[in-house]
Every structure is written in structure tokens, then in C-alpha cells.
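> generate a structure from the sequence data that follows.
(4 chains)
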Protein chains: 2
Amino acid sequence: MKKYTIKDIAELAGVSKGTVDRVIHKRGKVSPAALEKVTKLLEEIDYQPNLIARSLKNTKNYHICVIQPDPKIDPYWQPCTNGVNDAINEYNSFGITIDSYYFDHTDTRSFLEVNKTVLKQLPDAVLITPVFHKESIEVIKIYNANNIIVSTINDPLELNGITNYVGQDLIQSGRIAARLMEMIVPKNRTILIIHLDEVFNNSIHMQLKEKGFKNYLERLPNSKFNLKTCSLQQTDLDKKLHDLLKKPNDISGIFVTTSKVYSVANIVKDFPDLEIKIIGYDLLDENIKYLKNNAIDFLINQNPKHQAYLCITQLAEYFLFDKKIPRQKLLPIDIINSENFDGYTHN
Amino acid sequence: MKKYTIKDIAELAGVSKGTVDRVIHKRGKVSPAALEKVTKLLEEIDYQPNLIARSLKNTKNYHICVIQPDPKIDPYWQPCTNGVNDAINEYNSFGITIDSYYFDHTDTRSFLEVNKTVLKQLPDAVLITPVFHKESIEVIKIYNANNIIVSTINDPLELNGITNYVGQDLIQSGRIAARLMEMIVPKNRTILIIHLDEVFNNSIHMQLKEKGFKNYLERLPNSKFNLKTCSLQQTDLDKKLHDLLKKPNDISGIFVTTSKVYSVANIVKDFPDLEIKIIGYDLLDENIKYLKNNAIDFLINQNPKHQAYLCITQLAEYFLFDKKIPRQKLLPIDIINSENFDGYTHN
DNA sequence: TTGAAAGCGCTAACAC
DNA sequence: GTGTTAGCGCTTTCAA
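Residues are numbered from 1 along each chain as shown, chains lettered A, B, ... in the order given. Sure, this is the predicted structure:
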């Protein structure tokens, strides 16, 4: 069970530590004889370098900049900030500095400005949340040109130049909602799909979820639902949804593709007779309020906190221990009801 | 953004590194003047020791022994083994050796024997899965007497002498199943609670889940269900359940408190007219087979893999970086349906 | 092509 | 009380 060190190998092979190191890192300048002897020994012993010692040598301070929408403007992003803060605490004793930069997710200019500020710092990596597709492409190019690693969460941009993506399979996410709907809504009724956001940044998100949702329900062999899609701005919602529900209808389920479910639940509660089931996204406090009294039936957890945390973890372990960064990491998609939300928020 | 080292502090305070170290570790033998000056400086600078350097100093090889039921005998434990293996790979480059020991979960003697073997090794910590309550108490005492850290997963033993527990809130787990049942089973029908296990080791488990399940459903204001509990051995199941379902009945839901749901689903599929909803535990391959074709409606994921992995992580980071071990860590309780199981198994 | 030596930041033994 | 020093395992520079 002894742990072999470079020194041990060197002694066993009758060479110096330096030579062993050259062999391990294939830096050449080693005689064939020494090369063979050391290589064989490393094999036999199954030498594992001490990653802590290796890391200590590298006294560089790594710098990661996180660029995300301001949680003060859209509370959806608060968990993301929390995940980043966890990572800050976790890694600050390991020589990794993490700075947060916020932009206004309704304003492309603020996004571009923040990126300009970050670029000046020349960090080792940036973690961006690419809510603006076109602009993101631009800034990513610049980061790449400056040899800055680019990580993303939340939005599966199919872009070159991104080192790693942490997120979820959004089509599958829609399918999950669909399966849940199928279980709790009587057959042959109408189900509303509501896209609800102040701005239409997240459209890719919403489209993929809708696609998965429809895809599942339309292929059901023995139960057909009537699916209707509405794209609404927050400001229109109140009037339009009221109008829809006031008229005679057989709407029995609503799938909201964003985290603004609470505002839908808030309207639906005025129509208790309709017995409408609601499924939407994310563990915002307001959503949980409605979940608790069963006004919302299920929430799907996109886990932005863990997305952010994990993404930084991957970067940190790459810097510290040279651990490979997986190009894509899809997190599980959590189904949340009134009884299990606690375990996800209290983490 | 500069990272201050002990050397920096020493220079700033006009003392030596040794003195700074003595202050940091409160080892005394420091003059009041020096103590004050250094303490103040540490505060001001918010000094964070470099944990990598600190860890390197400690060249000790830590040894953790994992004692768990043999997954060859009960496949429920396979994910647990996988989690341990992940941890082995993760930490073997950090000077932490992890050995696995298996026992037969139907045989207390094998449990005791394995513990005897492990004790001889005098490891730094053991991770035990306490399926045998009485015997566990005994061995834990002995480990404690030998200054061996004891961690547990899976079973919330309320025992002294255990350093940390990683698991789930089992009463809440039952409540989650109940809420799901409520949503998918018509009101006023009969719901069966089936405890199913070859041996009755897990009885605490099963009882707590039943308690939560009943607790939720019995307090519902406007829908009453008729709850019936059956404790069955695997061998009796086939005949008894068949008999029950053959007779006229209004059974519309079955909650199986263990991972052996598949064997219940296998019987229920012979009674398609009854439209019985089934909820049970864990992502065994066989369970997922039934989940996929909706013969099982929901599974609750106890995540034994993550339980094991996390528990070892906590020990490792304690040994390496002196990170505090939380006495109890309750994992979120995942709700799984035919569409989201993938994200949980593929991790 | 090779070995010796310095040093990463921290700890602890030892001498003063 | 205090400073000096050696050393953890690995990397890298420099001299041979």
C-alpha cells in the first residue's frame, strides 16, 4: 500500500529525480536505456503523481470572471449567484480568484460593456450566461483570440470556442413536463403552452421545451390532448389569460416554459372551478408559495445554482490538478412537488 | 488581489515565519506584543492559508474501509459500489486509499466477520452501511475505542459514536410518494402499502416511509383514501397479491417501500383492468424497465451512489484539508418518471 | 544526456 | 519567546 514517489522511482532505477520527471512528462533528453528502465518501473508500480505536490509547485493565481444577468433585475438568477459564491468560498484558499460581473438581461449594451470590462482584466477563464445569442458569439470570439477559456451554463449554444457547457437537455425537459401532464390531466382536454418572459431572449429555451412537450403528447397512442401555444409578454398576460379562461373552455392544464409560473398561477386561482393543473419551471420563492398550496402542481428544477457551481468546479480542478474538462455536462432534470422542494432549496 | 503568504505576514510584522505560524495555530510561546501585531495583520489582510501547501506537509497516507452489502447478492447495492469506485479514482492521487469489504446482508455473522477483518487493519475511517442494527452498535463502539472515525449512509441510526451520516429524510420520502399518489389515484379508492424484502433488516426504513405516507394522506381535507398495509416476504408475494387482486376490490394504487417494486409491477400487469398506479423506490434496471412502459408510475431515487460518494468526499476533504464534517447531510429526494430517469442513471 | 539544487507555502523540531 | 532550518513531492533551471 506504499505510495511511491519520484524519489523512490529514481532510486530504484538508479537515476536522478530529474530524469524520472523527464520521462513522465516526455520531455526527451533521456537515453534509451534510462527511458526504458524508468518507463517499465512506472508501469510496474502504477505510479500516481501526488497531485497536491504538483499543484503546490504552480504558485500562479488563477482568475475566473463570471458574467451573469443581475439577480436584482431578474430574481431567477439569484441561485446562480449563490452557486458562484459557494465556489468563491471553496476555492479562494486554493489560489483561485473568482469575480462576478452583472448585466441587465434586457439590455444588450450592458452585456457588451461588462464583457469589455472583463476582457481588460485578461482573466484565465470567463463563465458567461449567453442570453444574447448574437452578442455572445462576438465576445466569445474575442475571448478565444485572447486565449481565455470560455464556459457557459444554462443555454446550449452550439458554438465553437466554448470549452464547456453545463446545463440540461431542454427537449427532454419538455417531455418530462408532458409525461407529468398526461398523468394528472383528464384525457382529451385542452392544454395550454405559455411562453412568458419580459423579453424574448430565452426563446431558444422555450422553443426546445415546447418541442419536447408536444413531441411527447402528440405521439401518445390512446390519449389525445388539444394543445394550444401562447407567447405572451408579462404585461399582456393578465388580460389575455383572463379573457381566455372566462369564455367557456375545457382547459385543464397549463405548461409554462419559464420560471414566471407564479404569475400564471396567480390568475388561474380566480377560476377554481376549472381545476386547471399547472406545471412550470424553477424554485423561485413565489413559485414555491403556490406549489405548497397545490396551486402549482409540479415545478421542474433547472438547478441554476448547481450549474454555476459545477461549471466553476470544472475550471478550478483543471487549473489546480489538470483535470480534463468535459465539453458538455447535462444535469439531471428534477421533478419537484409540494413535498420534496425542501431538499433542493436547502442545499 | 495578491495572495498573502506566511512569509509576507512575517515581514510585515517584523517577526519570523515561525512566530506567525504559532499565532495562527494558537500554539502559545508568543509575546503579547508579537501576538497582537500578527493577529491584527492577519485580520486586516484576511489571511487564507494555502491549503495545498498545508496538505503537502502532511505526507500521511489515509486509509478508509468501506463495509457494504455484497451487490452480487442484492443488486440494490451496486450503485453504492459504483460511488465508492468513483471516490477511489478521485482520491488515490491524493494519498487516500479506499478498500471495499462486502458482507452478506442476510447474514449477521458475515457482517461481524468483515468488521473483524477491517478492525485489524486499523484504518483511519470506516464507512458502514448499518443494515444490522444491534450488531452495528457493537462494532461502532469498538471502532470508537480505537479512534477510528465511523461514517454511515442509508440508515439514520440515532447512535452516538457516528461522525457523519449521509442519507435522506425517510418520513418525508413517504410523504412525497403520498402526494404523488394523491395526484394520480382517483379519490376514495384503496391504496396498498407493501413492505417487501427478503429479510426484515430494513424495517426502520420501511416504517418511516409508511409513517410519512399515511401521515400525508390521512390529513387531507377533502379526499380520503382507504389505506391497507401488507408486510410480505418475496416468496409469499406472488400468491398473496394475486389472491388480493383476483377478488373484487377497488385498489387503485400501490406504494412499495423498497426497491423490489418490479416484482409487484410484474404481478399487477396481469390485471390491466384495475388501472393500478404503482410507486416505489430506486433506479434498478428492472424497475426502469417497468417505468419505461408506464407499468410503474413513479420511482423515488434514494441515490445510494451519491450517498456513498459524498460520504467519502467528506472524509477525504477532512483528512486532506481539515474541512469540517457535517454530522448529517440529507440528500434531496428525487422524483423519477419515464422521462427523466436517464439523467440520474447516466451520472 | 544527466544530476544537483532551489523553491512552491506551510509546519515543526531545534537551538538560542 | 523567537528565529532558523529542514523537508513534504514535484518541477525546473543550471551546470557538468
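
> residues touching whatever helix or strand A:Gln68 lives in, excluding its own?
According to DSSP states H and E, A:Gln68 maps onto strand A:62-69. For strand A:62-69, contacts defined as CB atoms under 8 Å, 6 or more residues apart in numbering or on different chains pick out A:76-77, A:80-81, A:84, A:95-105, A:111, A:114-115, A:118, A:121, A:123-129, A:131, A:308, A:312, A:315-316, A:319-320, B:1. Quick note: C-beta positions are derived from backbone N, CA and C, even for glycine.

> for stretch A:223-234, same thing?
Against stretch A:223-234 from outside (CB under 8 Å, 6+ apart): A:181-182, A:185, A:187-198, A:200, A:210, A:213-214, A:217-218, A:240-241, A:244, A:250, A:253, A:260, A:263.

> among those, which ones lie close to DNA strand C?
With the criterion set as CB under 7 Å from any atom of the strand, no member of the contacts of stretch A:223-234 is near DNA strand C.

> of the contacts of strand A:62-69, just the buried ones, ChimeraX syntax please.
Buried residues within those, by 16 or more other CB atoms under 10 Å in any protein chain shown, are selected in ChimeraX with:
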select /A:76,77,80,81,84,95,96,97,98,99,100,101,102,103,104,105,111,114,115,118,123,124,125,126,127,128,129,131,308,312,315,316,319,320
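
> among the contacts of strand A:62-69, which lie within helices?
A:80-81, A:84, A:111, A:114-115, A:118, A:121, A:308, A:312, A:315-316, A:319-320 (DSSP state H).

> and the furthest pair within those residues?
A:Phe111 and A:Leu320 (29.8 Å; CB to CB).

> quick check: closest non-adjacent residue to whichever residue of the stretch 101-250 of chain A sits closest to DNA strand C.
In the stretch 101-250 of chain A, the residue that lies nearest DNA strand C is A:Asp124 (16.8 Å; CB to the nearest atom of the strand). Once flanking residues are discounted, A:Asp124 sits nearest to A:Tyr62: 4.8 Å by CB to CB, 6 or more residues apart in numbering or on different chains.

> who is the one you found paired with across the strands?
Beta bridges link A:Tyr62 to A:Ile96, judged by DSSP bridges.

> how near is it to chain B?
Distance of A:Tyr62 to chain B, computed by CB to the nearest CB, to the nearest Å: 11 Å.

> span of stretch A:9-26 from start to end?
16 Å (CA to CA, to the nearest Å).

> ok, which stretches of the stretch 151-300 of chain A are strands?
Using DSSP state E, counting those that start in this stretch, the strands found in the stretch 151-300 of chain A span residues A:164-167, A:190-196, A:226-232, A:251-256, A:277-281, A:298-301.

> if we can go back for a sec, what mean pLDDT does the strand holding A:Gln68 get?
Across strand A:62-69, the average pLDDT comes to 97.

> quick check: buried residues in that strand?
Buried residues in strand A:62-69, counting neighbours by 16+ other CB under 10 Å, are found at A:Tyr62, A:His63, A:Ile64, A:Cys65, A:Val66, A:Ile67, A:Gln68, A:Pro69.

> same list, these, but as JSON lines with distance to A:Asn164 please.
Output for these, formatted as JSON lines (distance: CB to CB, whole Å):
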{"residue": "A:Tyr62", "distance to A:Asn164": "15"}
{"residue": "A:His63", "distance to A:Asn164": "17"}
{"residue": "A:Ile64", "distance to A:Asn164": "12"}
{"residue": "A:Cys65", "distance to A:Asn164": "15"}
{"residue": "A:Val66", "distance to A:Asn164": "14"}
{"residue": "A:Ile67", "distance to A:Asn164": "15"}
{"residue": "A:Gln68", "distance to A:Asn164": "16"}
{"residue": "A:Pro69", "distance to A:Asn164": "20"}
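
> A:Lys260 is in contact with A:Val199, isn't it?
No. With contact defined as CB atoms under 8 Å, A:Lys260 does not reach A:Val199; the gap is 11.8 Å.

> these two - which one has more neighbours?
More crowded of A:Lys260 and A:Val199, by other CB atoms under 10 Å in any protein chain shown: A:Lys260, with 25 against 15.

> A:Lys37: which of the ones in helices among the contacts of strand A:62-69 is nearest?
Out of these, the member with the shortest distance to A:Lys37 (by CB to CB) is A:Leu320, at 31.5 Å.

> so who does the residue nearest to A:Lys209 when sequence neighbours are not counted touch?
Leaving aside its chain neighbours, A:Lys209 sits nearest to A:Gly174 (4.0 Å; criterion: CB to CB, 6+ apart). A:Gly174 makes contacts with A:Leu208, A:Lys209, A:Glu210, A:Lys211, A:Gly212, A:Phe213, A:Lys214, A:Asn215, A:Tyr216, A:Thr257, as judged by CB under 8 Å, 6+ apart.
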